[in-house]
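S.K.: Got a predicted structure plus its sequence, pasted below:
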Amino acid sequence: MFRQAVRQELRCLSFSGRRHTWRLKSTSARERALQYQPGQKIHGFTVKEVAAVPDLFLTAVKLAHDKTGAQYLHAARDDSNNLFSVQFRTTPMDSTGVPHILEHTVLCGSEKYPCRDPFFKMLNRSLSTFMNAFTASDYTMYPFSTQNSKDFQNLLSVYLDAVFFPCLREQDFWQEGWRLENEIPTDPSTPLVFKGVVFNEMKGAFSDNERLYAQHLQNKLYPDHTYSVVSGGEPLAIPDLTWEQLRQFHATHYHPSNARFFTYGDLPLEQHLKQIEEEALSKFERINPNTEVPPQPHWTSPREDHVSCSPDALAPDPARQNTLCMSYLLGDITDTFEGFTLSLLSSLMISGPNSPFYKALIEPKIGTDFSSVVGYDGSTKEASFSVGLQGIAEHDTERVKQLISQTINDIIENGFEEERVEALLHKIEIQMKHQSTNFGLSLASYIASSWNHDGDPVELLQISDSVAKFRQALSENPRFLQDKVKHYFKENTHRLTLTMSPDQAYLEKQAKAEEEKLQRKIHGLSDGDRKEIYENGLELLAAQSKTQDASCLPALKVSDIEPTIPFTPVQIGTAGGVPVQYCEQPTNGLVYFRAMCSLNTLPEDLKLYVPLFCTVITKMGGGALDYRQQAQLMELRTGGMSVSPQVIPDSTQLDVYEQGVLLLSSCLERNLPHMFQLWRDIFNSPHFDNEERLRVLVMMSAQELANGISYSGHLYAMTRAGRHLSPAGDLQETFGGMEQVKFMKRITEMSDLSQVVRTLPRIKKHILNPDSMRCAINATPQKLTDTAAQLESFFKEVAENRKERKPVSPNIIERPLDPLDESGPSRKLVSELNFQPCQMKTFFQMPFPVNFVCKTIRTVPFTHEDYASLCILGRMLTAKFLHGEIREKGGAYGGGARVGAGGLFSFYSYRDPNSVQTLSAFYRGIDWAKSGQFTQQDIDEAKLAVFSAVDSPVAPADKGMSRFLSGVTDEMKQSHRERLFAVSHKNLVDVAERYLSAGRRTHGVTILGPENETIRKDPSWIVK
């Protein structure tokens, strides 16, 4: 996977782990790690430093490998979700994508594990909670995490062998990188074309204008070394890479002397060191890898540049599709405190409606949103700061430049309000206390860039030291931040102004350039060469089609899976007549509040407006607060407040669902009254009448939706394909599908928003109504009584909004919140038992060169006896059939099958060079499943993969949520678990036959992709 600039910012750092405050083990992992001494030798490593990091509840141990100089950091923490990662500094000097293609190819087999594709095979032989690999601009990282210690050793063995001793077969290079091949490999008369997984992935990536802009910006701001090239690969440069160059790059970069190892969690460090030393490091000598990145020479005067992109059919305003951004080169990221300061400074300058750049650039509505690259970026050796706008008209470019300079001058003169600085430091405090489930991965990403350039990773973890130093600097010099702005922005001559505008012929030019590249490659070929290409194509196809023997790979067994799940106790009470679910959790002093508000009384014609209502309701102001004051208080007193639309399919019947919006917020215990005060203002007197503010929010929201399609095309295709298959699917398309994207585009095109302004209060009285709400609180046991009292008074204060209204649908059915108390409070679901599913094939023509293909089939709900078999079948089809057909042979970036919570079974592909051909691969997959040509081993592997998702860790904030939202109790989960264990070969063949066979069940098909002749000529398709 290629990662453009891994953002090294505090805001993307989600701190986590499951700390059992009230039952710490007598010797916790943290305490044990404190016993290491600097200078101590362990399995070929020497301990360099041991540091307690109380803010993050961990102990950091820094080591170095004696023989090779490999660096090592261990973060010992009482978290069972253990993580390993190894990263190499990879500094390419051309855009052939060599580090990215290498990242793909090392995972295709190694000395100890020579089978094809051990990486994808291990996904089904392990209970990993995460497995992936990333190529950034200047490093490549291989992380995995798991809660099982045997699994950790298995995965570590596979990862070490992959990176240090890969096979790097030429055939794998052809498959993953690029190759010339006949369009139909079995027919030598078909034209030669470029194929390859990375080649198609990068074509897809470069079709995303935001991504394209970010790439150019980095290349042009750092023109003198590795950052001037595309580490992921520029599609037209990829075919210049040779297999020999790939092997050479591996030999020089993938060496322990150029490696940084990171482990995290509660497993013992010695065991990791011993395995890493024995299986890999002991076989190497020290070298000088020579991969350092020199500083970028500073320009003596600012530069300007321009790039083109493809027009966006979904842009809110077709006449305003230009982007302008100013980027400044900052200091070296290995200076931890300077990086911390600049990252905070960046947030003060651009985050939220109180920031100077928001006021200067966003509020005048010159553009639709900030440019795709905005703020502090610490992912390169020297950081950068960027600010600008997208969605601007050509004639406004000069004005935007002037506004940026003017705003910098204003900041130097006026500084920042103290309260905004406090709000930001409060945000850091919350982030350190909030516990996410992938904390190890967050840490690995957070330290990666600085450590990659020999910064001190331990110093980066000691965040409160930086906070204290920051407070001190401010108290010693009140102009501390203004001086930084003056130095880094006003007086900085290394500044790039980059503009981007759409070119109607952009896609055509790209296709023409690719065609010319192809012709140059083909031009010199003799008949012998063509014959060899054809034979290589057949050989590759044969290798891809051969059943793989994966017996050399380690694997867990189904018997390694826990037979039962731990139950989460909850209590159901009421506050002010509203049902509340209380869940005691070790939340580190945070309180999590959620409220589900029903949409059952909302008139049909208002449904399309619900997502917009959710976006703006917490951002328009309320009570005595205007929107700026409200945003300020939210930052200062809460961990965020949001509202989102919800469609929750029933777990027992396909045509029954719950519709609502979910209110979500969190705060430190001391701020509970403030948080409820903010919600009270939103309930009692939200401000809807500020049309100027509304227009800003509408434009930003529409721009975000339009930008997201090239990234999440498969999800849009799935949502649309399910639209006519169930009532819940229909509503999901309304709230979050292409229909919503088009609706928001229409809203942005209105010159007058007064009709929208009139609609919002109508929606509000139906939604923010305590009569049709239920709440959930997750907090520490000490805080539950206090929270209940706050909730009680909150509902007294919003009682005027309570009104019994008549539901729109005549068929409402009730489900008790507590299955053991039939007469208690209930969830009210809509039942459309006379819903008629119908078949539909829809094609959306999009401005990108790859397809997203989806076929969805109506099957059975969660509690049905066949649902578990469909879960296992989806996983098995993905791993054993579709991966080979769609990715390996078809060249798509990804594809698979899965059954959703609403009983819709979907086949999908992602960034796919093929369209209707992929649909036939789906049909062949169904035939394969019906033929029963799979083994017990295949079934067991699919079970492992399904259980690793079912048993992925749940954060304290989210415990009890599936019960609160969907009514799925722990007992229901346990029954589902037992059905998963029991799935047999016969069950799988049986469900494939009964549900997936042609003509058995209603299905829908959707493709998003470029102009398509075949589909246009076929009358069975609806073309949008």
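M.R.: Nice, I can see it. Numbers count the residues shown, from 1 in each chain.
S.K.: Let's see the distance spanning stretch 555-575 from one end to the other.
M.R.: One end of stretch 555-575 to the other measures 50 Å (Cα to Cα, to the nearest Å).
S.K.: Give me the pLDDT for residue 10.
M.R.: Looking at residue 10, its pLDDT reads 29.
S.K.: Repeat that for the one 4 residues further on.
M.R.: pLDDT, residue 14: 30.
S.K.: Please apply the same query to the one 10 residues further on.
M.R.: Here, the pLDDT recorded for residue 24 equals 37.
S.K.: Could you pull out the buried residues of stretch 448-457?
M.R.: Across stretch 448-457, burial judged by 16 or more other Cβ atoms under 10 Å covers 448, 449, 450, 451, 452, 453, 455, 456, 457. Just so you know, the C-beta spots here come from the backbone N, C-alpha and C atoms, and that holds for glycine as well.
S.K.: can you give me the helices for the stretch 551-700 of the chain?
M.R.: Taking DSSP state H, counting those that start in this stretch, the helices of the stretch 551-700 of the chain run over residues 610-616, 627-637, 672-684, 691-721.
S.K.: Most tightly packed of the ones you listed?
M.R.: helix 610-616 (a mean of 23; mean count of other Cβ atoms under 10 Å).
S.K.: In CSV, could you pull the C-alpha coordinates for it?
M.R.: Extracted C-alpha coordinates of helix 610-616, given in CSV (Å, rounded to 0.1, in the frame of the first residue of the first chain):
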residue,chain,number,x,y,z
VAL,A,610,-30.7,14.4,7.2
PRO,A,611,-27.0,14.1,6.6
LEU,A,612,-26.7,17.8,6.0
PHE,A,613,-28.6,18.5,9.2
CYS,A,614,-26.2,16.2,11.0
THR,A,615,-23.2,18.1,9.6
VAL,A,616,-24.4,21.5,10.5
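S.K.: Next, report how far that helix is displaced from the centre of its chain.
M.R.: 22 Å (Cα atoms, centre = their mean, to the nearest Å).
S.K.: could you say what helices and strands that helix packs with?
M.R.: Applying 3 or more Cβ pairs under 8 Å, 6 or more residues apart in numbering; DSSP states H and E, one finds that helix 610-616 makes contact with strand 641-649, strand 656-668, helix 691-721, helix 727-736, helix 738-748, helix 754-767.
S.K.: okay if I get the ones you listed as JSON lines plus distance to residue 120 and mean pLDDT?
M.R.: Below are these laid out as JSON lines (distance: least, Cβ to Cβ, whole Å; pLDDT from 0 to 100):
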{"stretch": "strand 641-649", "distance to residue 120": "30", "mean pLDDT": "97"}
{"stretch": "strand 656-668", "distance to residue 120": "35", "mean pLDDT": "97"}
{"stretch": "helix 691-721", "distance to residue 120": "18", "mean pLDDT": "93"}
{"stretch": "helix 727-736", "distance to residue 120": "29", "mean pLDDT": "97"}
{"stretch": "helix 738-748", "distance to residue 120": "31", "mean pLDDT": "95"}
{"stretch": "helix 754-767", "distance to residue 120": "44", "mean pLDDT": "96"}
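S.K.: Pick the one among the buried residues of stretch 448-457 closest to residue 864.
M.R.: Of all the buried residues of stretch 448-457, residue 448 has the smallest distance to residue 864: 44.4 Å, by Cβ to Cβ.
S.K.: I'd like to know which elements the strand or helix carrying residue 119 is packed against.
M.R.: Here residue 119 sits within helix 118-122, counting by DSSP states H and E. Under the contact criterion of 3+ Cβ pairs under 8 Å, 6+ apart, helix 118-122 touches helix 149-164.
S.K.: residues near residue 557, how many?
M.R.: 11 (other Cβ atoms under 10 Å).
S.K.: out of the helices of the stretch 551-700 of the chain, which comes closest to residue 799?
M.R.: Among the helices of the stretch 551-700 of the chain, if distance is taken as Cβ to Cβ, the winner is helix 672-684, at 9.8 Å.
S.K.: you'd agree residue 814 is up against residue 827?
M.R.: Yes. Under the criterion of Cβ atoms under 8 Å, residue 814 makes contact with residue 827 at 7.1 Å.
S.K.: neighbour count winner among the two?
M.R.: More neighbours surround residue 827 than the other of residue 814 and residue 827, with 21 against 11 (other Cβ under 10 Å).
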